[in-house]
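J.: Sequence plus predicted model, see below.
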Amino acid sequence: MMKKSYKIDVDCANCANKMEEAAKKTAGVKDVVVNFMALKMNVEFEEGAEPKAVMQEVLKNCKKVEDDCEIFL
Ligand SMILES: [Zn+2]
């Protein structure tokens, strides 16, 4: 199982939840937990997924729902 943790920037818990939902819908992502207090996103990847490529799509999808957010890749 491949898991990675990323530092994020987002303005409130509600937007953090939106990021989490958008990230979960991204191909190659098995599960996502966003911790607003810690400003961290923990991502579990599908078997065989390429984290760098998947995270580019996660960032795009998160920006669609909350254009002020950031994921430090
Ligand atoms: Zn917000």
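T.: The structure has been received and is ready for your questions.

J.: ok, which stretches of this structure are helices?
T.: Per DSSP state H, the chain carries helices over the ranges 13-24, 51-65.

J.: where does this structure come near the ion, residue by residue?
T.: Residues of the chain lying close to the ion by Cβ under 5 Å from the ion are Asp11, Cys12, Cys15. Backbone N, C-alpha and C define where each C-beta goes, glycine included.

J.: Looking at these, state which has the most neighbours.
T.: For the residues of the chain next to the ion, neighbours were counted using other Cβ atoms under 10 Å, and Cys15 has the most, 17 neighbours in all.

J.: I'd like to know how far that one sits from Phe72.
T.: In this view, Cys15 and Phe72 are 16 Å apart by Cβ to Cβ, to the nearest Å.

J.: got it, and Glu66?
T.: Relative to Phe72, and taking Cβ to Cβ, Glu66 is found at 15 Å.

J.: What of Val58?
T.: Separation of Val58 from Phe72 (Cβ to Cβ): 12 Å.

J.: Comparing the two, which shows the higher neighbour count?
T.: Between Val58 and Phe72, counting by other Cβ under 10 Å, Val58 is the more crowded of the two (26 against 10).

J.: For that one, give me its contacts.
T.: Applying Cβ atoms under 8 Å, 6 or more residues apart in numbering, we find Val58 in contact with Ala22, Ala23, Thr26, Val29, Val32, Val43, Ile71.

J.: Not counting residues beside it along the chain, what's closest to the fifth one?
T.: Excluding its sequence neighbours, the residue lying closest to Val32 (Cβ to Cβ, 6 or more residues apart in numbering) is Ala23, at 4.2 Å.
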